[in-house]
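Student: would you be able to build a 3D model of this:
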Amino acid sequence: MPTDKLARILKAKSPFSAEKIAVMTEVDGWNWVYANAVPHKDRLIQVCFTGFSAADKEVLIVLASESQLEVVTSVTKSLAFLCAGDNAGPAKLSKARLQGVAVLTREQFEHLLSTGEVAA
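Tutor: Residues are numbered from 1 along each chain as shown. Next up, the predicted model:
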């Protein structure tokens, strides 16, 4: 019998009857959920800018948006890049590093936009 959480998901998303869900194993239920999950095709790569002047940050935001990147204002679970200026705060840098986010300088970010590669 599936957990309450899994049963709610299956009731909302699957074609299964309540009776079928009640006898389904946890493994079978989650296998169905993951096999039928809608991929996030429209999800953009996230970038966050910190430690820049307002003018510099605005230029970077425009560059990122033109390159189909999603600009966010905080370190999120989905963040791919933190572009850090000279005045970047230690808390944001630490959180990004703990989450495995690539921390880039402005020059590295501009290189990424022009080549698609992260410069070392």
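Student: now do the same for Leu113: its pLDDT.
Tutor: If you check Leu113, the pLDDT there is 94.
Student: separation between Glu110 and Met1?
Tutor: Counting by Cβ to Cβ, to the nearest Å, the gap from Glu110 to Met1 is 55 Å. Yep, even glycine has a C-beta here, placed from its N, CA and C like the rest.
Student: for Ala102, what are its contacts?
Tutor: Ala102 sits next to 80-82, 118 when contact means Cβ atoms under 8 Å, 6 or more residues apart in numbering.
Student: Glu58 is in what secondary structure piece?
Tutor: helix 54-66 (DSSP states H and E).
Student: the residue of the chain most remote from its centre in helix, strand or coil?
Tutor: The outermost residue of the chain, judged against the average C-alpha position, is Glu19 (36.4 Å), by Cα atoms, centre = their mean. Look at Glu19: counting by DSSP: H, G, I helix; E, B strand; the rest coil, its state is helix.
Student: can you give the distance from the helix or strand where Ala91 lies to the centre of its chain?
Tutor: Assessed by DSSP H and E, Ala91 sits inside helix 90-98. In terms of Cα atoms, centre = their mean, to the nearest Å, the centre of helix 90-98 is set 16 Å apart from its chain centre.
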